[in-house]
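S.K.: Provided below are the primary sequence and the corresponding predicted coordinates.
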Amino acid sequence: MAADSDPESEVFEITDFTTASEWERFISRVEEVLNDWKLIGCRVGKPPEKGEYTSGIWEETSLEINFADFKFSITHHCLKQESAESEGVDEPEEDAYPLAMQDLLCMNNDFPPRAHCLVRWFGMREFVVISPGANCEAIVSESKCNLLLSSVSIALANTGCHVPLFVQIQQKWRRMFAGECQGPGVRSDFEIVHLRKVPSQYNHLSGLLDIFKNKIGCPLMPLPPINIAIRFTYVLQDWQQCSWPQQPPDFDALLTGEVGGVEFGKLPFGACEDPISELHLATTWPNLTEGIVVDNDVYSDLDPLQAPHWSVRVRKADNPQCLLGEFLMEFFKLCCRKETTEEILGRNSVEEEGKENSDITQALSKLTEPAAVPIHKLSVSNMVHSARKRIRRHKRVEESPLNNDVLNSILLYLFPDAASDKSDSSDVKSTQPSPGGKTEPDKDSEDYHLYNQLKSASCDSLTYRLALCICMVNFHHGGVRAVAHLWQEFVLEMRYRWENNCLIYGLASGPPDLRCCLLHQKLQMLNCCIERKRARDEGRKNATSDGSRDKSRLAPESAGPAEVSPGKSWDSWSDSEEEFFECLSDTDEMKDADTENEKKPANKSKAEGRLQPHGKITLLNSQEPLYIPVTQEPAPMTEDLLEEQSEVLAKLGTSAEGAHLRARMQSACLLSDMESFKAANPGCSLEDFVRWYSPRDYVEEEVSDETGQTVIRGDLSARMKIPGNMWVEAWETAKATPARRQKRLFDDTKEAEKVLHYLSVQKASDLTRHLLPCVLHAALLKIKEEESTEDIPSVRKALQNLTSHASKLLRHPSPDFKKLEEVINQMSAVEAVVAIARSLKAKFGITKGEREEDGDELERFVSCLLEEPEVCVVGAGRGPAGSIIHKLFVSSQRLADSSDEAALLAPMEEETGRLGGTDDRKAVPDFPPPAGREILLRTCVPRPAPFSKALPQRLFCVLMRDEFRLAGAFSSDTSFF
């Protein structure tokens, strides 16, 4: 058996050499990508215009491909240009050179300031790069590099693609590429040499020319002319001769009591250090030939002052310290704090007296519990003030987070009416908004209504000023502990104003504005409660004075005012008309009403609470005019209360019972209006009410009566006749009760206590989330104000984008705080741009121009530096900007060469006459050694044989202190080779 199984156990393997290998699959995948991107065949295009590589739009498309288990990323880079068909370009000839070869000789974009490194070195408008994946090792070995280059060459030949294809080799930081471009009978090889040090024999133009000539190996004599473009870059880092214009704010003035409302209403702005770290001057000789210029190891003609073209770019400091950005970021960090106000300030003061006295709900319950002490000592006011005393007693043990002088200054800024007598501060005028010392904003301007977009608060409101103060206190006066202290004092001030009927300063009258932040709505709700409470208290006084003059009035009537004559408007009534029997229960009200009706049976049909006649309409059952009644105002609501109400109504479901209960809950205001209507129109019917309240539900039509005459008859609409209609049910239960005797729709006492409790339990993080829209609003206004003096188009555009982005984030119920942090970082970046503009204006002395045309030219120059990556200097070294740059370099050189500080005080006016300087002056060069030298060599010669086509050859050389790079593109004729 064992012998029989041995042949079966042998494995017979057949190697199928027709199966594609991993290398062949890789080549096929590259070809597939080139076909998908439609890079096959000869491409047509016009020569790129001057500067188009910098100002144009570059498109990138990337895909991932695999070589076995090794991942590569293949990317197509292309300059977006108008199609050749729209330009009327003829179809290319069959043997036309690829566009990449034509670009090798183009001089319009020799040194683009912002482009891909391959674009700068080889001048191409389109190319494809294959590079190792993100987490893959670099292609270092020579065999792997040759394998990839072979794959590229085969893929280009198989597809007929004329777009150059590069492979990234070596470590990524070295930016080493090898590539190839194939055309009909021609090929260009792209090679790069990278060294750390510049060889001494190639440290000048003559040595680089020798390399170029030897590489192209042209057999022709004499050699065709070589076109040369040279660019030297000089770096200016020392700005000590220029004073930094930013003046730091005087924060110590807060402690001396010199800071008023105007200072607290301002956000800081500007950079604490020079936001410009370096100025790069590029001197360019664009079109030279070998015999025109001399540059070897002994002598050089390349004097930067004689260069025909100068261009400048500025390098910004890495993360410059900006005041506004730091203010916003420190405030934003409070969102992550989890501590409550009591935890931040300490619990000792609360625990001394017992926790039950610290909770406002328990304090309210003590008002109704039997106690041995007089009731006035158990009032909410006394409890809060006793809590304040305990806090002060605790503060004596531990130092207060906020200095008393600072705290008083802040409170005076928030509540300017507190400076006057408290008896005067209860005037209605205190609700009028005041900017607190700032210029009254134009309420028709776009900036004033910015709060609508950001859901913050108007810039003259209390909430807006509170946000600025919280931000200031957090940054300069103790951080989160100072914020908690200020918030505690603010809540105590709110309770004091509620208990003493003092309207809150800086809040517009009326119901809560749902366009504003929730905290602002809460404060407006508290203000509404104070207004209603004041009106009720004044009504009591009037009722008391009326009762003392007329002793014969009945007890129930003494609680309310006398009726006003019909036609008198609701707004012109005495405030006592809003007396709604606050201290009586519903049962007591019914008993009093029944007693009054028994005592006055003859006055059952007396009309009450009339506002004015409703046009010429009369009641259907009589000829009495139909009167519009005085009704209760609907209860004001904040957005969180509206959301809670909608959730409760939604939970009732869609059943008939749920729908009926939901309709009853929503008909409280309808029932009140029906009762007011019945009181104002005795003997009325539901049809009369509908004619006034909902005219569309009363349908009138022309009909013929018994005599044949046409008359108009009306009836309720179909929806009003549905069985179980809520309007019919409410009308049947409604009693003739004027608005002043109805149960209040809005319980101001309850709502005020809810608001005060809501404010008291807010954590520092909650407060920050509420006030963040106001702080961002203030920051945008501050940036706009600062930008208006500088006139920077890019900043204006960035502000529009910031406003739009922040508006979308802040209007969301749960904003994404990571995205809000990005908005703050963008604001800081915009602030840095404004600081850079001021720094450049100070350095170039725009306000000190001797001639007006020089000032205009310098302003244009500075404006372009802010908007563009690199700016040409008009007139090179002889223009107004060039002369200032020259002086800056000379001053920096003298400072570096001098051993004492007296060089800083030497006059600069003599720099313009440098030819007449002394020998000592000539010993110090005007410019430092160039930080970078770029030399571009181009020619068109036949390769590899004298009878070959003349093809473009290019060598780009980079010489720096720690880098030597040669990037060459060498073309050859492949027709016979």
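M.R.: Sure, I can see it.
S.K.: Pretty sure Leu514 sits against Glu639.
M.R.: Yes - between Leu514 and Glu639 there is a contact at 5.4 Å, judged by Cβ atoms under 8 Å. Yep, even glycine has a C-beta here, placed from its N, CA and C like the rest.
S.K.: which of the two has more neighbours?
M.R.: Here Leu514 and Glu639 are compared on neighbour count by other Cβ atoms under 10 Å; more neighbours surround Glu639, at 16 against 12.
S.K.: Between Leu514 and Glu639, which contacts overlap?
M.R.: Residues touching both Leu514 and Glu639 comprise Gln521, with contact defined as Cβ atoms under 8 Å, 6 or more residues apart in numbering.
S.K.: Could you report the neighbour count for Leu156?
M.R.: Counted with other Cβ under 10 Å, residues neighbouring Leu156 total 25.
S.K.: Run a quick check on it versus Phe166, I expect a contact.
M.R.: No - using Cβ under 8 Å, Leu156 is not in contact with Phe166, being 11.5 Å away.
S.K.: Leaving out chain neighbours, which residue sits closest to Thr284?
M.R.: If the residues on either side of it in the chain are set aside, Thr284 comes closest to His309, at 4.1 Å by Cβ to Cβ, 6 or more residues apart in numbering.
S.K.: how many other residues sit next to the one you found?
M.R.: Using other Cβ under 10 Å, His309 has 14 neighbouring residues.
S.K.: what's near enough to touch Phe475?
M.R.: If you count contacts by Cβ under 8 Å, 6+ apart, Phe475 has them with Glu326, Phe327, Glu330, Phe331.
S.K.: Would you mind checking those residues for buried ones?
M.R.: Neighbour counting over those (16 or more other Cβ atoms under 10 Å) leaves Phe327, Phe331 as the buried ones.
S.K.: can I get the contacts of Phe475 in TSV with pLDDT?
M.R.: Formatted as TSV, those follow (pLDDT from 0 to 100):
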residue	pLDDT
Glu326	89
Phe327	88
Glu330	89
Phe331	88
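S.K.: Confirm that Phe177 sits in a strand.
M.R.: Yes - assessed by DSSP: H, G, I helix; E, B strand; the rest coil, Phe177 belongs to a strand.
S.K.: Now do the contacts for it.
M.R.: Under the criterion of Cβ under 8 Å, 6+ apart, the contact list for Phe177 reads Leu118, Val129, Phe166, Val167, Gln168, Ile169, Phe190, Ile192.
S.K.: now do 7 Å
M.R.: With contact taken as Cβ atoms under 7 Å, 6 or more residues apart in numbering, Phe177 is in contact with Leu118, Phe166, Val167, Gln168, Phe190, Ile192.
S.K.: One more: Thr789?
M.R.: Not one residue lies near Thr789 by Cβ under 7 Å, 6+ apart.
S.K.: give me phi/psi at it?
M.R.: When read as degrees, to the nearest 10, the backbone of Thr789 gives phi -80, psi -20.
S.K.: go on, His162?
M.R.: Per degrees, to the nearest 10, the backbone of His162 is at phi -100, psi 0.
S.K.: For Ile504, see how far away it is.
M.R.: 75 Å (Cβ to Cβ, to the nearest Å).
S.K.: Also Lys735?
M.R.: Separation of Lys735 from Ile504 (Cβ to Cβ) stands at 37 Å.
S.K.: Check the offset of the longest helix along the chain from the chain's centre.
M.R.: Ranked by number of residues, the top helix in the chain under DSSP state H is helix 518-549. On the basis of Cα atoms, centre = their mean, to the nearest Å, helix 518-549 sits 41 Å off its chain's mean C-alpha point.
S.K.: so what does it touch, helix or strand wise?
M.R.: Helices and strands touching helix 518-549, by 3 or more Cβ pairs under 7 Å, 6 or more residues apart in numbering; DSSP states H and E, are helix 462-476, helix 479-499, helix 639-651, helix 748-760, helix 764-788.
S.K.: just checking, what packs against the fourth one?
M.R.: What that stands for is helix 748-760. Checking 3+ Cβ pairs under 7 Å, 6+ apart, helix 748-760 ends up next to helix 360-368, helix 479-499, helix 518-549.
S.K.: if we go to 6 Å?
M.R.: Packing partners of helix 748-760 (3 or more Cβ pairs under 6 Å, 6 or more residues apart in numbering; DSSP states H and E): helix 479-499, helix 518-549.
S.K.: swap in the last one?
M.R.: Helix 764-788 sits against helix 450-454, helix 462-476, helix 479-499, helix 793-810, helix 817-843, with contacts defined as 3+ Cβ pairs under 6 Å, 6+ apart.
S.K.: so where does Glu326 fall, helix or strand?
M.R.: Following DSSP states H and E, one finds Glu326 within helix 323-333.
S.K.: correction: Gln182
M.R.: Residue-wise, Gln182 maps onto strand 176-183 under DSSP H and E.
S.K.: what comes up buried for that strand?
M.R.: The neighbour-count check on strand 176-183 (16+ other Cβ under 10 Å) flags Met176, Phe177, Ala178, Gly179, Glu180, Cys181, Gln182, Gly183 as buried.
S.K.: so the last one bridges to which residues?
M.R.: Here Gly183 shows beta-bridge partners Val186, assigned using DSSP bridges.
S.K.: Kindly report the same for the fourth one.
M.R.: Following DSSP bridges, Gly179 is listed with bridge partners Phe166, Phe190.
S.K.: Distance check, it against Phe122.
M.R.: Distance from Gly179 to Phe122, by Cβ to Cβ: 9 Å.
S.K.: Ser807 and Lys455 touch, don't they?
M.R.: No - with contact defined as Cβ atoms under 6 Å, Ser807 does not reach Lys455; the gap is 7.8 Å.
S.K.: can I assume Ser948 sits in a helix?
M.R.: No - Ser948 sits outside any helix when classified using three-state DSSP, being coil.
S.K.: Settle this for me: Met960 is touching Glu934, isn't it.
M.R.: No - using Cβ under 6 Å, Met960 makes no contact with Glu934, being 9.4 Å away.
S.K.: ok, back up a step: the more surrounded of His162 and Ile504?
M.R.: Between His162 and Ile504, counting by other Cβ under 10 Å, His162 is the more crowded of the two (24 against 20).
S.K.: For the residue lying closest to the more buried one once chain neighbours are set aside, the count of nearby residues, please.
M.R.: The shortest distance from His162 to any non-neighbouring residue, by Cβ to Cβ, 6+ apart, is to Pro98 (3.9 Å). A count of nearby residues for Pro98, using other Cβ under 10 Å, gives 25.
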